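Peer 1: Next one to model:
(chains A, B, C and D)
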There are 2 protein chains.
Amino acid sequence: MADVAELAGVSVPTVSRVLSGAANVSQKRRDKVMAAIAELNFRPSAAARVLASRKSEVVSIVAGDTSKYGYAETIRGIEEAARAHGYTVMITVVETTDGPEIDSALASTMSQPLAGVIVLKFDPPGVAALKRIPGDIPVVALSGIRETGVHQAVIDETRAGEELTRYLLEQGHRTVHHVRVPPSRREDGRTTGWRRALRKAEREIPPPLDASWDPQSGRRIGHALAEDPGVTAVFCGNDEIAMGVIRGIADRGLRVPEDISVAGFDNHPLSSLWNPELTTANQDFAGLGGRGFQLLVSQLRGEAGPRFSSDRPEIIVRASTAAPNAARGSVAERDEAV
Amino acid sequence: MADVAELAGVSVPTVSRVLSGAANVSQKRRDKVMAAIAELNFRPSAAARVLASRKSEVVSIVAGDTSKYGYAETIRGIEEAARAHGYTVMITVVETTDGPEIDSALASTMSQPLAGVIVLKFDPPGVAALKRIPGDIPVVALSGIRETGVHQAVIDETRAGEELTRYLLEQGHRTVHHVRVPPSRREDGRTTGWRRALRKAEREIPPPLDASWDPQSGRRIGHALAEDPGVTAVFCGNDEIAMGVIRGIADRGLRVPEDISVAGFDNHPLSSLWNPELTTANQDFAGLGGRGFQLLVSQLRGEAGPRFSSDRPEIIVRASTAAPNAARGSVAERDEAV
DNA sequence: GTGAAAGCGCTAACAC
DNA sequence: GTGTTAGCGCTTTCAC
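Peer 2: Model prediction:
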């Protein structure tokens, strides 16, 4: 920058003023400075700027994963919003719930000059990481249980899970079985919503089945489900597991939705291509990321605005759910019920 | 750091030595310093460190997208390798091929203190961005055509495309149709490989069909393909498009692979769950990212090692491809050929 | 081994 | 409007 100043025949602060655009600089000098910058191919040093100004335009995303569908979409949403505001994003992955391990994973990121941090509370590592972010850094939490004292954006999956389950009951199913994905806490919102819908309708609440993140685990569960004649409707924790479950049911010669209805969750891009097309709840992950970033920005600006943002997923009814097959239901109750 | 030094009763450089771990510090002072750090909850300032040392432990990924399967997996691979080496990653998304626009998108990232940049040359914006990275920053290119003067890691998709096409011909198909995804250059390696296999076998080379990144575009193409009785085998640019094509073919009442064989590319996590399970080529994107990071590290260390890394995808034969249906082939030639 | 001094490239505060 | 002065929090000589 000193070089630029010299070439342009001005002082260093003047160059700084031109670059920051804030203070007034005469058009003449401004042009000279711009010319010098172009000629020297000058790039300002963000490190020096940060050191002198104690302001940063970098936000870090702390997450347990980056490539799974919901994570990747959320990150995309954050990045797009950040870019639109002139911010750059860093990524920090935490893979454990062990305190000291998280601290060391976070250490190098937290010593970076950050404007703030957005934590994806999608899984236990994310939940654990949130608690270990230094208190002097602005933070936004995404998803998970309601936080006190932390700005937070969520998708109301409890409500969506309840709606989806109720929809299934309204189709005439006696009850709805549930396959859950690894939860971020004791019980995910989807599962809570499912349970609530069954309780309100005074239906039997079958024990939930646990899938891993691998869709193939859904397939194995599908096999088991197909063999239980009491099962006529299944609500899965996400679309990929639902695809696995459908495949597993098909492996056993049963049809979806004729024999068993299966609903997913997410509105995964392939859910409308699957055969049968999936009934699901549209989770706007990118929107979640965008709302999270907005919350961070308003926090940085010290605005009084809302500290909490919630979005309600829309239920999308497609071909994988229908009214129960009378034959299967009745057989289940009379002859083969366990 | 001055506070820490004071509390520990040592000088600032001594604290710095303890933190960097390089120089020798007596055990006694080291302990005192560590205690002071813990007590004050001290976090070193990466900005100041960078400014003074002109070294950074941040690498930026420049990409045209972050959430699509191949991109997200590659980013995951880079991030994992980077984390293992104590590096942090930043993400810069470029959405255009227009020079000045790219420059402004890159500007804020390039003024960050970066150890290096990894560019995903998966699409035209990525290709264009590579050319605009300042020459003084270490760079690694991922995928795309062979670069001169730039370290590069690739997956040999040309070879895999050729192999996959040849495999289809060996099943007895007269020719293989090709549905391509948006290419990063004039012609993607997959398409080149497909063309090469057909040329070597002296088969007719049908004009390739263009899909978008949206799997639904594959479905529409599937409809067209199903109506052309000359089509018995289709090689798709990626698995998601293949899923769309299969769905489209099914929409028209034809079966895969009995009537038409369909192969994909990637080994997408859902490809083995699809019905029928997809024949495909396994692209190890995470491995690509990891190799790219290694190339960057060896470049930073000034090592003489290889500047180029190539990996060969393995062909995975599953249920979506088979020998042609004699009926369809012959009917095509005699009565319904267009 | 350890401390003192200098300076990385910028911005902030102040005078003019 | 513009230049001067003084740091930001570290690392890097260099002397001891």
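
Peer 1: okay, how far is it across stretch A:92-101, tip to tip?
Peer 2: This stretch, stretch A:92-101, spans 13 Å end to end (Cα to Cα, to the nearest Å).

Peer 1: Does that stretch reach chain B?
Peer 2: Yes: with Cβ under 8 Å from any Cβ of the partner chain as the measure, stretch A:92-101 is seen reaching chain B through A:T92, A:V93. (Each C-beta comes from the backbone N, C-alpha and C, glycine too.)

Peer 1: could you give me the average pLDDT of that stretch?
Peer 2: Per-residue pLDDT over stretch A:92-101 has a mean of 96.

Peer 1: So what touches that stretch?
Peer 2: Applying Cβ atoms under 8 Å, 6 or more residues apart in numbering or on different chains, the set of residues contacting stretch A:92-101 from outside is A:60-66, A:102, A:105-106, A:109, A:124-129, A:132, B:79-80, B:83, B:88.

Peer 1: Just the buried residues of it, please?
Peer 2: Under the neighbour-count criterion of 16 or more other Cβ atoms under 10 Å in any protein chain shown, stretch A:92-101 has A:T92, A:V93, A:V94 buried.

Peer 1: and the second one, what are its bridge partners?
Peer 2: So that's A:V93. A:A63 (DSSP bridges).

Peer 1: Next one: it relative to DNA strand C, how far apart?
Peer 2: When distance is defined by Cβ to the nearest atom of the strand, to the nearest Å, A:V93 is 30 Å away from DNA strand C.

Peer 1: which of the buried residues of stretch A:92-101 lies closest to chain B?
Peer 2: Closest to chain B out of the buried residues of stretch A:92-101 is A:V93 (5.9 Å), distances taken as Cβ to the nearest Cβ.

Peer 1: Tell me how far the closest one lies from B:G290.
Peer 2: As judged by Cβ to Cβ, to the nearest Å, A:V93 and B:G290 stand 14 Å apart.

Peer 1: Quick check, the residue in the stretch 151-300 of chain A closest to DNA strand C?
Peer 2: Nearest residue of the stretch 151-300 of chain A to DNA strand C, counting by Cβ to the nearest atom of the strand: A:L300, 14.5 Å away.

Peer 1: how many neighbours does that residue have?
Peer 2: For A:L300, the neighbour count with other Cβ atoms under 10 Å in any protein chain shown is 16.

Peer 1: thought it was touching A:V117?
Peer 2: No: applying Cβ atoms under 8 Å as the test, A:L300 and A:V117 come out as separate, 11.5 Å apart.

Peer 1: Show me the common contact partners of those two, please.
Peer 2: A:P138.

Peer 1: Identify the residue nearest A:G222 in space, chain neighbours excluded?
Peer 2: A:G248 (1.9 Å; Cβ to Cβ, 6 or more residues apart in numbering or on different chains).

Peer 1: ok, how many other residues are close to the one you found?
Peer 2: For A:G248, the tally of surrounding residues (other Cβ under 10 Å) stands at 23.

Peer 1: Return the alpha-carbon coordinates of the helix or strand hosting A:P13 using CSV.
Peer 2: Applying DSSP states H and E as the criterion places A:P13 in helix A:12-20. Listed next in CSV are the C-alpha coordinates belonging to helix A:12-20 (Å, rounded to 0.1, in the frame of the first residue of the first chain):
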residue,chain,number,x,y,z
VAL,A,12,-0.9,5.9,2.8
PRO,A,13,-4.1,6.8,4.6
THR,A,14,-5.4,8.3,1.4
VAL,A,15,-5.0,5.0,-0.4
SER,A,16,-6.8,3.4,2.5
ARG,A,17,-9.6,6.0,2.2
VAL,A,18,-10.0,5.2,-1.5
LEU,A,19,-10.2,1.5,-0.8
SER,A,20,-12.6,1.7,2.0
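
Peer 1: helix or strand for the residue nearest to A:G222, which one?
Peer 2: Counting by DSSP H and E, A:G248 is found in helix A:239-251.

Peer 1: ok, the helix or strand that that helix is followed by near chain B or not?
Peer 2: Next along the chain after helix A:239-251, taking DSSP H and E as the criterion, comes strand A:261-263. No: Strand A:261-263 does not reach chain B (Cβ under 8 Å from any Cβ); its nearest approach is 13.5 Å.

Peer 1: So which other helices or strands are in contact with strand A:261-263?
Peer 2: For strand A:261-263, the elements it packs on are helix A:157-170, strand A:233-236, helix A:239-251, judged by 3 or more Cβ pairs under 8 Å, 6 or more residues apart in numbering or on different chains; DSSP states H and E.

Peer 1: what helices or strands is the very next helix or strand once past the first one leaning on?
Peer 2: So that's helix A:157-170. Downstream of helix A:157-170, the first helix or strand assigned by DSSP H and E is strand A:177-180. On a contact count with 3+ Cβ pairs under 8 Å, 6+ apart, strand A:177-180 meets helix A:189-200, strand A:209-210, helix A:215-227, strand A:233-236, helix A:239-251.

Peer 1: Which residues does the last one contact?
Peer 2: Counting contacts by Cβ under 8 Å, 6+ apart, the residues outside helix A:239-251 that touch it are A:69, A:179, A:181, A:211, A:215-226, A:234, A:236, A:255-256, A:259-260, A:262-268, A:270-271, A:274, A:276, A:278, A:280, A:320, B:269-270, B:273, B:275.
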